[in-house]
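Enquirer: Sharing a model that was predicted from the sequence below.
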Amino acid sequence: MTTTSAVRFLDRTTPPHIATLVLLAGIAAMNMSVFLPSLPAMAAHFQADYSVMQLAVSGYLGVTAALQLVIGPISDRYGRRPVILGCLAIFLVATLGCMFAPSVEVFLVFRMMQGVVAVGLVLSRAVVRDMYPMNEAASMIGYVTMGMALVPMVAPMIGGALDQAFGWRAAFIFLFLSGASILAMAWADQGETAETRPTSFAAQVRDYPELLTSRRFWGYVAASAFASGAFFGFLGGAPLVASEVFGLSPLWAGIGFGAPAIGYAVGNFLSGRYSARFGVNRMILAGTIIVTTGMGISLLLILVGLKTAFLFFAFCCTVGLGNGLVIPNAAAGMLSVRPHLAGTASGLGSAFMIGGGAAMAAITGTLLDLSQSAAPLVAVMFTTSALALASVLYVIRRERQVTAA
């Protein structure tokens, strides 16, 4: 395990600085959200139905989930640095393709290729686990994702302003420039942290049952997937709710989309500050209770007729706050079940998290096509939050059984 005292900024012979990890995770988060205010304009430009254009969210998340099944094991085998640099280079090519796509079909192909940038989400966490033990890793992942939370908070605002001023392609120009800058920073600072093994993939796969048969691992995965499902459902449905239900402009919609990120930043700060003291399970439990309660109250208010944009986006802050407690702690938990397979665990856990998010985004997009209310979206977010709460209660019960035995 790498020692933190060895870290030197912009020295690729040492582990990466936390700023590099924050930016790597941040570019992946930015790619999900910066163009959301432009979805209606993009649908009009390509003369496509909103449900087709929304594949830029749900389809992208599905491809991202599949890619993470590969990214993690490859990084365990060959190292974090080459995988990160290669994926960022592919991301830049795909972003150019999105900018110049002549049709919605070509756009969606390049949009799916952009999914390789998920390497930042997967491997920033694996790098932290390479460097720290479990509870300390949860704190460090909390700090990494707290910095990352600033990106989805400001990215939709930037995207909305760029759309209003220059058109939808401006958001992708911004993505390209950001990605190029982060690739240069990773090249200069990303030292290798994984202990690469000379074994074959077949030998590596034989180790996987250690991980895949762990009920605690799957409990952490389920808690993370269901909790984040509320957020990804928000990503899939909020653009249509903002424009069609509440009549917001792209700029104000972008500001609204940043609401969960405010809560997410606070939640990640609390994770960074208190995970080592209280342990990952208590932090996950607190987070799932917050999300479930917030979405339950929001749904009740809508059903009794209180249907304002302010209330809708305000209660979505609880999704961010809860996820800020759940995701870094669940990640540390799943990565610590079998530390020598941290990259694989991170990739598999993220695949289920993002795959569940793709399903939530697709479901909410379909439901909202049939409704002129925010109620279906909030109902989906409440349901998946309640399932996250049930998942962490299972983990706690299982841990008590193991301890008692």
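Expert: Ah, there it is.

Enquirer: Which stretches in the stretch 251-400 of the chain count as helices?
Expert: 259-278, 280-303, 309-336, 342-369, 375-404 (DSSP state H, counting those that start in this stretch).

Enquirer: meant to ask about the stretch 51-200 of the chain, not that
Expert: Under DSSP H, counting those that start in this stretch, the stretch 51-200 of the chain gives helices at 55-78, 80-99, 104-113, 119-131, 134-166, 169-189.

Enquirer: any idea how far residue 136 is from residue 71?
Expert: Shown here: residue 71 relative to residue 136, a distance of 24 Å by C-beta to C-beta, to the nearest Å. Using the backbone N, CA and C atoms, a C-beta is placed for each residue, glycine as well.

Enquirer: actually residue 18, not the one I wrote
Expert: Counting by C-beta to C-beta, the gap from residue 18 to residue 136 is 13 Å.

Enquirer: repeat for residue 317
Expert: On the measure of C-beta to C-beta, residue 317 and residue 136 end up 28 Å apart.

Enquirer: residues near residue 165, how many?
Expert: Residue 165: 9 surrounding residues under other C-beta atoms under 10 Å.

Enquirer: And residue 184, by the same measure?
Expert: 11.

Enquirer: go on, residue 391?
Expert: 23.

Enquirer: Would you mind confirming that it is in contact with residue 222?
Expert: Yes: Residue 391 lies in contact with residue 222 (C-beta atoms under 8 Å); the separation is 3.9 Å.

Enquirer: my read: residue 10 touches residue 191, true?
Expert: No: counting by C-beta under 8 Å, residue 191 is not a contact partner of residue 10; they are 10.3 Å apart.

Enquirer: Of these two, which one has the most company?
Expert: Counted by other C-beta under 10 Å, residue 10 and residue 191 do not tie: residue 191 has more neighbours, with 19 against 13.

Enquirer: Could you pull up the contacting residues of the more buried one?
Expert: Neighbouring residues of residue 191 by C-beta atoms under 8 Å, 6 or more residues apart in numbering: 11, 12, 13, 14, 15, 16, 81.

Enquirer: Tell me the secondary structure of the fourth one, please.
Expert: Three-state secondary structure (criterion: DSSP: H, G, I helix; E, B strand; the rest coil) places residue 14 in coil.

Enquirer: For residue 305, grab phi and psi.
Expert: Phi and psi for residue 305, reported as degrees, to the nearest 10, are phi 110, psi 0.

Enquirer: Roughly how far does it sit from residue 316?
Expert: The value you get for residue 305 to residue 316, if C-beta to C-beta is used, is 19 Å.

Enquirer: which of these two has more neighbours?
Expert: A direct count of neighbours by other C-beta under 10 Å for residue 305 and residue 316 places residue 316 higher, at 28 against 6.

Enquirer: count of residues packed around residue 6?
Expert: Here the number of neighbours of residue 6 (other C-beta under 10 Å) works out to 12.

Enquirer: mind saving the C-alpha coords of stretch 317-333 as CSV?
Expert: Coordinates of each C-alpha in stretch 317-333 appear next as CSV, following Å, rounded to 0.1, in the frame of the first residue of the first chain:
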residue,chain,number,x,y,z
CYS,A,317,-31.1,18.7,-2.3
THR,A,318,-31.8,15.8,0.1
VAL,A,319,-31.0,13.4,-2.7
GLY,A,320,-27.6,15.0,-3.0
LEU,A,321,-27.0,15.1,0.8
GLY,A,322,-28.0,11.5,1.2
ASN,A,323,-25.9,10.3,-1.7
GLY,A,324,-22.9,12.3,-0.4
LEU,A,325,-23.1,10.1,2.7
VAL,A,326,-23.9,6.8,1.0
ILE,A,327,-21.7,6.7,-2.1
PRO,A,328,-18.2,7.2,-0.7
ASN,A,329,-18.9,5.0,2.3
ALA,A,330,-20.5,2.2,0.2
ALA,A,331,-17.5,2.5,-2.2
ALA,A,332,-15.0,2.1,0.6
GLY,A,333,-17.0,-0.9,1.9
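
Enquirer: Quick check: buried residues in it?
Expert: Buried residues in stretch 317-333, counted by 16 or more other C-beta atoms under 10 Å: 317-333.

Enquirer: Quick one: mean pLDDT over that stretch.
Expert: Stretch 317-333 shows a mean pLDDT of 88.

Enquirer: what does stretch 60-71 give?
Expert: Mean per-residue pLDDT for stretch 60-71: 80.

Enquirer: and it, which residues are buried?
Expert: Those would be 60, 61, 62, 63, 64, 65, 66, 67, 68, 71, for stretch 60-71 by 16+ other C-beta under 10 Å.

Enquirer: From the rest of the structure, what touches that stretch?
Expert: The contact list for stretch 60-71 (C-beta under 8 Å, 6+ apart) reads 32, 83, 87, 111-112, 114-116, 118-119, 121-123, 232, 343, 346-348, 350-355, 357-358, 361.
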